[in-house]
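Colleague: give me coordinates for this.
(2 chains)
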Amino acid sequence: AQSVTQLGSHVSVSEGALVLLRCNYSSSVPPYLFWYVQYPNQGLQLLLKYTSAATLVKGINGFEAEFKKSETSFHLTKPSAHMSDAAEYFCAVSDLSAAGNKLTFGGGTRVLVKP
Amino acid sequence: NAGVTQTPKFRILKIGQSMTLQCTQDMNHNYMYWYRQDPGMGLKLIYYSVGAGITDKGEVPNGYNVSRSTTEDFPLRLELAAPSQTSVYFCASSDPTDTQYFGPGTRLTVL
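Modeller: Predicted coordinates for the structure are as follows:
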């Protein structure tokens, strides 16, 4: 069974500082990996995804993530935080070995941006 | 193109009542999903469907039922609501690249 671990349920950063959100996964087959963002009282929207092409993936709003197979990690970064980045972020892995394109989600990391 | 729509946005139920959460997508996706989101717990898969007429259980199916009579619609039925079903429910559909698109959610409270 697949699993996703997000280190830190809450992260506080200052505006303009680096945002780093950690994600580690376990999977028996090469995975597809995703980062989603959820703003208050909204559904999830896709930030970026890794599908076995380039290991450094660029997404929307200046975010990027690097797939590191040796570390089974897919950490999300943004060089300079903006107030609008305050949201909850979810890492997810796709179970390519099973029917249904199902995703397994991490517990989420809530980002607070301080002015 | 509305994407994935869900109704209602909010609902309060009494213990033992039943209700149906509606979900519709206009992207012609074969795959659809129902999740529940509890605080600090991420999303848990309730049921999913790989096409009209085909549904299967996810991680937490107890207390729920689904049907998929059309490609567009994937309603979730709660029978005999319990306080443990208080949660936010999200419907999603998936394109062929595994990307899932989510609806805005239904916030359900069972008292």
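Colleague: the chain: strands as residue ranges?
Modeller: Going with chain A. For chain A, the strands defined by DSSP state E cover A:3-7, A:10-14, A:19-26, A:32-38, A:44-50, A:56-58, A:64-68, A:73-78, A:87-94, A:103-105, A:109-114.
Colleague: can you look at chain B instead?
Modeller: With DSSP E as the criterion, chain B has strands spanning B:4-7, B:10-13, B:19-25, B:31-37, B:43-51, B:54-57, B:64-66, B:76-78, B:87-94, B:100-102, B:106-110.
Colleague: now residue A:11: closest residue in space, sequence neighbours ignored.
Modeller: Nearest residue to residue A:11 in three dimensions, chain neighbours excluded: residue A:111, at 5.2 Å (CB to CB, 6 or more residues apart in numbering or on different chains). C-beta here means a position set from N, CA and C on the backbone, and glycine is covered the same way.
Colleague: so what's the one you found bridging to?
Modeller: Going by DSSP bridges, residue A:111 is paired in beta bridges with residue A:11, residue A:87.
Colleague: count residues in the vicinity of it, would you?
Modeller: 20 (other CB atoms under 10 Å in any protein chain shown).
Colleague: now for it: which residues touch it?
Modeller: Residue A:111 sits next to A:10-13, A:19, A:21, A:81, A:85-89 when contact means CB atoms under 8 Å, 6 or more residues apart in numbering or on different chains.
Colleague: which of those residues are buried, as a PyMOL select command?
Modeller: To isolate the buried subset of the contacts of residue A:111 in PyMOL, counting by 16 or more other CB atoms under 10 Å in any protein chain shown, use the following:
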select buried, chain A and resi 11+13+19+21+81+85+86+87+88+89
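Colleague: what does chain A have sitting close to chain B?
Modeller: A:9, A:32, A:34, A:36, A:41-46, A:49, A:51, A:90, A:94, A:96, A:99-103, A:105-108 (CB under 8 Å from any CB of the partner chain).
Colleague: now, of those residues, which are buried?
Modeller: Applying 16+ other CB under 10 Å to those flags A:32, A:34, A:36, A:43-44, A:46, A:49, A:51, A:90, A:94, A:96, A:100-103, A:105-108 as buried.
Colleague: for residue A:103, name its beta-bridge partners.
Modeller: residue A:94.
Colleague: contacting residues around it?
Modeller: Contacts of residue A:103 by CB under 8 Å, 6+ apart are A:34, A:92-95, B:45, B:98, B:100.
Colleague: tell me the confidence at it?
Modeller: With respect to pLDDT, residue A:103 scores 89.
Colleague: could you do residue A:19 as well?
Modeller: 97.
Colleague: and what of residue A:98?
Modeller: We have a pLDDT of 69 for residue A:98.
Colleague: and what of residue A:1?
Modeller: 73.
Colleague: likewise for residue B:98?
Modeller: The score at residue B:98 is 81. That number is its pLDDT.
Colleague: where's it relative to residue A:94, distance?
Modeller: In this view, residue B:98 and residue A:94 are 5 Å apart by CB to CB, to the nearest Å.
Colleague: which neighbours do these two share?
Modeller: A:32, A:34, A:101, A:103.
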